[in-house]
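S.K.: Curious how this folds, go ahead:
(4 chains)
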Amino acid sequence: MADKKGKYPTEPLKCWDKAKKIREDYYKDYASAHEKGGLRWAGGAWTFDAIPAGLGDDVHPITSEPYGASCAFNKEFSLKCLEATEKAGYARDLCAYMRNYWGSILLNQFAFGGPFPKPDFLWQDHICCSHAKWYQVVSELEGGIPHFSIDVSVGPEHEINANKIDYIVGQMHDGIEFLEKTTGRKYQDNLLIKAVKNTCRSTSTWAKICELNKTVPAPLDEKSMYSLYVLGTLQKSSQEVADFYEEVYAEVRDRVARGISATPNERCRVMSDTQPPWGFLSVFRYLEKFGTVSIGSLYTFGLIGAWEVAPDGEWVHRKTPMEQGVSINDRDKALRVLTEWELHKPEWQHFYSPHLKSDMMIRIAKQWKLNGVMLHYNRGCEGLSLGIAENRLALLKAGYPVMVFEGNMGDEREFDMTRTMSRIDSFMETLQMKKEFE
Amino acid sequence: MVEEFWRWKEYRWTSPDIDWKTAKTLTCGVDVGSVSTQVVLMADGELYAFSNMRTGSSSPESAENGLKWALEGTDLTRDKLAYTVGTGYGRVNVPFANRAITEIACHARGANFMYGPTVRTVLDMGGQDCKAIRCDEKGKVISFLMNDKCAAGTGRGMEVFAELLQVPIEKVGELSFQVEQEPPPVSSTCVVFAKTEASGLLRAGWPKNKVLAAYCSAMAHRIFTLLERIGVEKDFAITGGIAKNIGVVKRLEKELGLTVATPRADPQIAGGVGAALFAKTLVEKGKA
Amino acid sequence: MITAGIDMGAKNIKVVLLEDGKKIRARAQELGGTDTRGATEKAFNAALFQAGLKMADVSHVTSTGAGRANAPYAQDNVTEVGAAARGAVFVHPATRTVIDIGAEEGKTLRCDAAGKVIDFAVNEKCAAGAGSFMESMARALEVKLEQLGPLAMKSTNSIPMNAQCAVFAESEVVTLVHQKHSKEDIARAVHDAIADRITSMVRKVGFENDVVLIGGVAKNPAFVETMKRNLETDVLVLEEPEYVGALGAALVAAENAGVK
Amino acid sequence: MKEIDVFREWKNKRHDYARDWQKRTGGKVMGYFCTYVPEEILYAAGVLPVRVLGSHEPQNVTEPHIFAMFCPFCRDCLAQGLKGRYKYLDGLMIAQSCLHIRQAYTSWIKHVPVPFSYYLCMPHKVQSKRAYPYLRGELEEFKKAVEKWTGKEITDKALKEAIAVYNENRRLMRELYDTRKQAEPPISGEEVMEISMAQQMTDKKEHNEALRKLLSALPKRKRDRPAGTRLMIIGSEDDDIDFLHMVESLNKEQYAATFVVDEHCTGSRYFWNDVPEDKDLLMAIARRYIERPPCPTKDWEERKRIPHIMKLAKDFGVAGAIIMQQKFCDPHELDNVVIRKELESKGLKTLFLEFDVTVPIGQFRIRVEAFLETIKQDDLF
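M.R.: Numbering: from 1, shown residues only, chains lettered A, B, ... in the order given. Below is the predicted model of the structure:
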C-alpha cells in the first residue's frame, strides 16, 4: 500500500481563517443586533435577502438551513433539538434543518451559546411545498412573529415570461410594504440596489470558483467547498461575501496555475448530490484512501452559483447584469433584475422536472471529467431528493457508475456509517479503485 | 435449538386469603395478547386467581387453556362466573367472553387497581406494541399513543434479542447492569438490524452483558421518546411483560427522572384485571 | 496452489477451499453464534479435513461478508458484492444479474462476463426482504423453515400482506390464521411480501439474463417461483447457493496469490 | 341501494367507464393529478378529466423511480401508469401543489409517454392579490395549449356551459352532504367516499343525473345501524374505502360510528366552492381555484384551513375527528399539530393515523375502538 503522500503537491487554503471569521461574525451580529438598536430577521438560505437589506445596514438575518447544519455538527445538541421537536408533535420525516432550528427555539438554546435570539420578522420564499410553512411554524413557536413569504414556483427558466415575473415582483413590492409596516422604518432603495448587485456578484463569482474545479487535479475538494459556499447561504447579498468570493477566486486560480491539488493522490473523480450528512463529513476523507476526490455537486455548484450555457455548450458562470451593461436605478428595476437572476438558479429547475436536473448533472459529469457519482438519498430534504431516483437512472444511462446511500443531512439517527462505508468499498471495487492507505 | 432462551416462565396463582364462595359477584377477565395470555378471576373486585401463559397460534384455544389453568386447584367452576370480558389482541376470539373491550381501556383500569387511583400515566409494554396511556383517577382513558409499524422497543424484540445472545429472558435485566460502565445504546431501531449490530459488537469483543446494556438502554430511550410525546404525569405505572425487566425499567426511570410505582401483583396481568373489573361494573350496572 | 475464501455472514460462516483457482476442494459452514472466531476455526478445519489438507497447504486466504474485517486467517478481504459476482460467474459464466438473499440483507448486482460489478443495490434499514424475515414467519406459522416453501407451493389464492416490519408481520400472520386463512395461503403471502421487496431492488438495478439466485433463501422453491413470476424471466439457482460468496472470496485469494 | 350502486360501479370500473366514454363521445380523456386542475376548461373543450388514483395493492415497480421517503400515494399512482392501467389516456397533466405527486407525473410522462402532457404552475400564495392576474395568465396559456391539442377553439359559450355543469355538480354534492347533518344520516361515510371518488372520474353531466336520483331516494332510506359516534375525517389524499368500511361496521352495540363529514381532497375540498359570477370567465375560474378550501401547500401565511375545519365540525355535529395522513406527507404534517390542538381545545377528541397504500386493518382497528371508547366509555364507569 502506498502512503498518504501522492504525486500532487497540496496546500491549505489561505482564505480559510477569513471564511471562519465571516461565519462567526454573522451569527454574533445576528445575536447582538438589538444591542446596537438593529433588527433581526430569519428566513431560508434561498430567500431574497437583498430586499430586507433596504431597511438599513444594522439589519441582520439568520438563515435556518445553515443554522440547522451547524446544529447537526454537534450530535448531542442536535439530538436534543430533534427530540424536543418530536415531543412537540412534529413528524420525524420533516426537514431536518428545520427540526434542529425549531428544537433550538423550543429549548431556547442558541447553537452558538446563550438563549435563542428571537427574530423581529420572518422573510422567506416558497418553492418546495413546505418552505413558507416552516416559518408558519416558527412564528407559532415564537408566539407570533410577523411573517412574509414570496411564492417563486413559476416554472423552469426556459418558460419565464412577463406574467410570471410580474407575479413575483408584485409580491416583492407588497413585501417591502410589509417590511416598512412591521419595522416602522423607511425603506432605502439605494441599499436594495447595492444588495442586488452584491447578490449577482457573489453568486456569479462562486460559479467561477466551481468552474476552476474542472482542472485535473482538482484544486478544491467538496469537503472544503462546503465551508466556502456556506457563506453564500448565509448572506449572498452582503458586500463582504461578494468581495470574499473574489479573493477566493483569485487564490484558487493561483492554485490551478501552480498545480496545487486538493488531494495528493487524485486518480478518480466523483461528485455527490444533495446536502451531505453533516455529522459525517469523514465519508469524504474515507474516499481519499482510494485516491478518489469529490469535486463538488450540482448542490455545491448550483445552490449559490449562477450559471449559463456558453455557445460551445460549456457550463460557465452567468455574466452579471452589470457586466451585461444593465443599469439598475430604481426599486422596480432592482426587483426585476433580482427575480430574473434567481429564476435561473440551477437548484430551482428540478422542482419542475427531475429530467432538467439529470441534464445538468450529466453536463457536470462530462465537463468536470468524472468517473462516477455518489447520490445521497437524503431523508432530511424532500426538496433536493426530489426526483433523485430518476437522476440515478439517467446518469447510469449516460454511462456513469452510480452509488446510492441513504442518510439524512441533519438527523444522525438516519445515517448508518458502517453500512455506508461498506457501500463505498463495493463502489470503489466497481471503479477498480484499491485502498492506498489505512 | 435445544434451550429456548426467550421463553419466560408460565405460571398460575390463587389467593390464599379469599374464599370465592363468600363472594357476591365472580367475574373473569381474559387478556389474549400477541405473545402472552392471562386469565384473571376476581371475587367482588378483588384478585382471586389468575394464569399467565404463552399465546398459541389459536386465540380461542389459548383462552380456553388459560381459563382451565386459572380454575385449576380452585373448586370454582366456570358456570359460577357472572360475566367475562375479553381484551387484548385476540379479544374477539374468546369463545366464553360476554364482551370485548380494548386493552388500552383495560390496562388503564387495571393499572388503576394495581397501582392505585393516583396513577395518571400508564405504559403498557406488550409483546408487539408499546402503548402510552393518560388516564384519570377512575382509570378512564384520556388519551393514548401506540408505537407504529416497527417493533423495536417491544417484548417480542427483547425475546429475539435474548435468543440471539442466548441469555434467559428473566436474566436480561440484572445482567445488563453487570458492566464496568454504561455503553452507548445500539443505534439500529429495527429489531433485526439491532441483532446484526449486536453480532458485530460481539465480534468486536464486547462481553454479552455490555451488549445487553446497550440494547436495554436503546429500548428505554425509544419508550422515553414515546412517553415524551404524550407527556408523563405522576404517578407513572408500567404494565405488561417488560415491566419485569429492570434493565429497561431502571434506565427508563433514569431518563424520566422519576420512579415507577410498585404494583400489587404481576404487572403482566393488568389487562386481565382491568377486564375483570369492567365485567364487575357491567354486572352491577345491570348491563350483563 | 490451494486458496481459501471465508464468508463471515450475519448468521453462518462458510469456508471454501479452491485449487489453482479452478477446482473446488471443500465446502464447510458453521453457525456464527456468539463466538465467531471459534466458529470460523471449526468451519476451516472441517474444510481442511474434507480435502485431506492441513493449514500449511493453504497459501492465501481472503474473507468476505459482514464480518470480513475481523476474520481469522484472512490476509485480505473483498466486499460481499464483489465476491458474489466473482463466485456466480465462476459457477455459471452466463451470469449477468445476481440476487443474493442472506439472513439479514438482500443484495442485487449486475456484472459483466469477467464478474466485474456494473451496478448494485442493497436493501436499506429494514430487514423485511431477508432470510430472517422468512424465519420469524415460519415460527409464527408454527412450521419448520424448510416446510414454508413447499406449503406455499400448495396455495390456491394470494392474500396481500400489509405489515412490513418482520416482527409486525408475525402478528399479521397470526391475524390471518385467526381469519381462518389456510397455512398454505399465508405461507404464499409471506413469500410474495419478501419477493416484492427483492423485486423492487432488482428492478432498481435493472436486470439482464442470466439472472441467478444465491444465498440460503435460494434453496426455497416457492420463493424462486415467485421471483420468476414477478420478473417474468427465468431465475436460475446455482448449486450450493449459500457458498457462492465464499467461493468468490477464494477466487480473489487465488488472484491475489498470483494464480494465472 | 341501487341509486348508490351506480357510483360504486363507476368507481370500481373506472377504466371501463373512461374507455366507454371515449367510444361513445369520440372525445379525449385527460388523466390528472391534484384537484387544482381547472377541469372546466378541459370539459369545455370536450375532454373528460379523470383523476389518477392508486389501487391500494402492494407493488414492486416504482422503487427505481421514486425514493422511498415520498408518500405512498404518489408511488401507488405511478404504479398504475407503469403497469399500463391507463393506456387509454390521451393526455396527462398536473396542477402544482406538493412535491410528492409531482414525481408520479414527471416519471410517468418519461417512461409511459402520452400524446399531450401539461404542468400547470398553480400559484402557492393564494392569499396574495397577485395570484389572481397571475393564475388568469397561466389559464390563458393552458387554454391555448388545450385548443392546440384538441384542434378546436374553446368558445365562451362552451366555457359558460362547463362552468354551469360543474357548479351544478358542486351544489348537488353539498346537498348530499347536508343530509349527513341529520341525527341519523341516511348515508354512510363509506358510501359518500365512493360517490366523491366517482365524481372525480366521470362525466359531470352523468354524475349530476345520478346524484339527483339519489337525492330524491334518500329521504325514504333507513340505515340498518345507528349513527353512533359522529366522526370527521381530516386528511391528506384519502380514498381508503377499506378503512372507512372497517370503522363503520364495528360491533354496533359497542362501537357504532359514522363519518358525517370530511376535509380532504378526495372529498369536500374538491367541490366545496363554486366558480363565481364574473364577465371575465378565465378570471372567474381563477378565483374559484384560488379561493377554494386550500391544500396545506397553499395555506400560508395565515392558516385558513383551521376556521374552515372548525366550522365543518360544528355544522355537522362532530364528536371526534380521525386525522388520516399519508405517510411522509410533509404539508399535512406541518398542519396537523395545530389542527389537533385547536380541535382538542374545543373538546373534540382526535385520533391520528398514518396511512400507507395498504391498510393494516388489525393495527388500526384497535386504535379506532380505543378511540371510540375514550369518546363514549361512561357505561364502563
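
S.K.: Do a quick rundown of the strands in chain C.
M.R.: Under the criterion DSSP state E, chain C contains strands at C:2-8, C:12-19, C:23-31, C:58-64, C:76-77, C:97-101, C:106-111, C:117-122, C:211-214, C:235-237.

S.K.: angle of the lowest-mean-pLDDT helix or strand in chain A against strand C:117-122?
M.R.: Least confident helix or strand of chain A, by mean pLDDT, DSSP states H and E, is helix A:417-430 with a mean of 88. Helix A:417-430 and strand C:117-122 are oriented at 160 degrees to each other (axes from the mean of the first three to the mean of the last three Cα atoms, to 10 degrees).

S.K.: Please state the offset of helix A:417-430 from the chain centre?
M.R.: 26 Å (Cα atoms, centre = their mean, to the nearest Å).

S.K.: Check stretch A:246-265 too.
M.R.: Averaging C-alpha positions (Cα atoms, centre = their mean) puts stretch A:246-265 22 Å from its chain's average.

S.K.: All the strands of the stretch 251-381 of chain D, residue numbers only.
M.R.: D:257-263, D:320-326, D:349-355 (DSSP state E, counting those that start in this stretch).

S.K.: Which secondary structure state does B:Glu159 sit in?
M.R.: Secondary structure state of B:Glu159, per DSSP: H, G, I helix; E, B strand; the rest coil, is helix.

S.K.: and it, how many neighbours?
M.R.: Other residues near B:Glu159 come to 22 when the count uses other Cβ atoms under 10 Å in any protein chain shown. Any C-beta I mention is one placed from the backbone N, CA and C, and that applies to glycine too.

S.K.: how close does it sit to chain A?
M.R.: As judged by Cβ to the nearest Cβ, to the nearest Å, B:Glu159 and chain A stand 24 Å apart.

S.K.: just to confirm, which helix or strand has the closest residue to chain C within the stretch 201-350 of chain D in it?
M.R.: Distance from chain C to each residue of the stretch 201-350 of chain D (Cβ to the nearest Cβ) is smallest for D:Asp242, at 10.2 Å. Secondary-structure element containing D:Asp242, defined by DSSP states H and E: helix D:241-248.

S.K.: Contacts only, for D:Glu40.
M.R.: For D:Glu40, the contact set (Cβ atoms under 8 Å, 6 or more residues apart in numbering or on different chains) comprises D:Leu159, D:Ala162, D:Ile163, D:Tyr166, D:Val275, D:Ile285.

S.K.: nearest spatial neighbour of B:Arg134, skipping sequence neighbours?
M.R.: Distance criterion Cβ to Cβ, 6 or more residues apart in numbering or on different chains; nearest residue to B:Arg134, sequence neighbours excluded, is B:Ile142 at 4.4 Å.

S.K.: From the contact counts, what lies against the helix or strand containing D:Lys213?
M.R.: If you go by DSSP H and E, D:Lys213 is part of helix D:204-217. Packing contacts for helix D:204-217, counted by 3 or more Cβ pairs under 8 Å, 6 or more residues apart in numbering or on different chains; DSSP states H and E, involve helix D:2-12, helix D:156-179, helix D:189-199.

S.K.: how about 7 Å then?
M.R.: Helices and strands touching helix D:204-217, as assessed by 3 or more Cβ pairs under 7 Å, 6 or more residues apart in numbering or on different chains; DSSP states H and E, comprise helix D:2-12, helix D:156-179.

S.K.: So for chain B, which of these sits nearest?
M.R.: Of all these, it is helix D:2-12 that lies closest to chain B, at 27.7 Å by Cβ to the nearest Cβ.

S.K.: What residues does the most centrally placed residue in chain A make contact with?
M.R.: Central residue of chain A (Cα atoms, centre = their mean): A:Leu303, 4.7 Å from the mean position. The contact partners of A:Leu303, taken as Cβ atoms under 7 Å, 6 or more residues apart in numbering or on different chains, are A:Thr233, A:Glu347.

S.K.: State the pLDDT value of it.
M.R.: Among the per-residue scores, A:Leu303 shows a pLDDT of 95.

S.K.: Correct me if wrong: B:Leu227 contacts B:Ala132.
M.R.: Yes: counting by Cβ atoms under 7 Å, B:Leu227 sits close enough to B:Ala132 to count as a contact (5.2 Å).

S.K.: higher neighbour count, these two?
M.R.: B:Ala132 (23 against 20).

S.K.: What is the three-state secondary structure of the more buried one?
M.R.: strand.

S.K.: likewise A:Pro9?
M.R.: A:Pro9 - assigned by three-state DSSP - is coil.

S.K.: Identify the residue nearest D:Ala95 in space, chain neighbours excluded?
M.R.: Distances taken as Cβ to Cβ, 6+ apart place D:Tyr36 nearest to D:Ala95, at 3.6 Å, with adjacent residues excluded.

S.K.: Could you measure from that neighbour over to D:Val126?
M.R.: Noted for D:Tyr36: a distance of 10 Å to D:Val126, by Cβ to Cβ, to the nearest Å.

S.K.: Run the contact check for the host helix or strand of B:Ala105 versus chain C.
M.R.: In this structure, B:Ala105 sits in helix B:103-115 according to DSSP H and E. No: Helix B:103-115 stays clear of chain C (Cβ under 7 Å from any Cβ of the partner chain), getting no nearer than 13.3 Å.

S.K.: what's that helix packed up against?
M.R.: Judged by 3+ Cβ pairs under 7 Å, 6+ apart, the packing partners of helix B:103-115 are strand B:121-125, strand B:130-135, strand B:141-146, strand B:236-239, helix B:270-284, helix D:361-375.

S.K.: Which of those has the lowest mean pLDDT?
M.R.: Per-segment mean pLDDT for the helices and strands packed on helix B:103-115 reaches its minimum on helix D:361-375, at a mean of 88.
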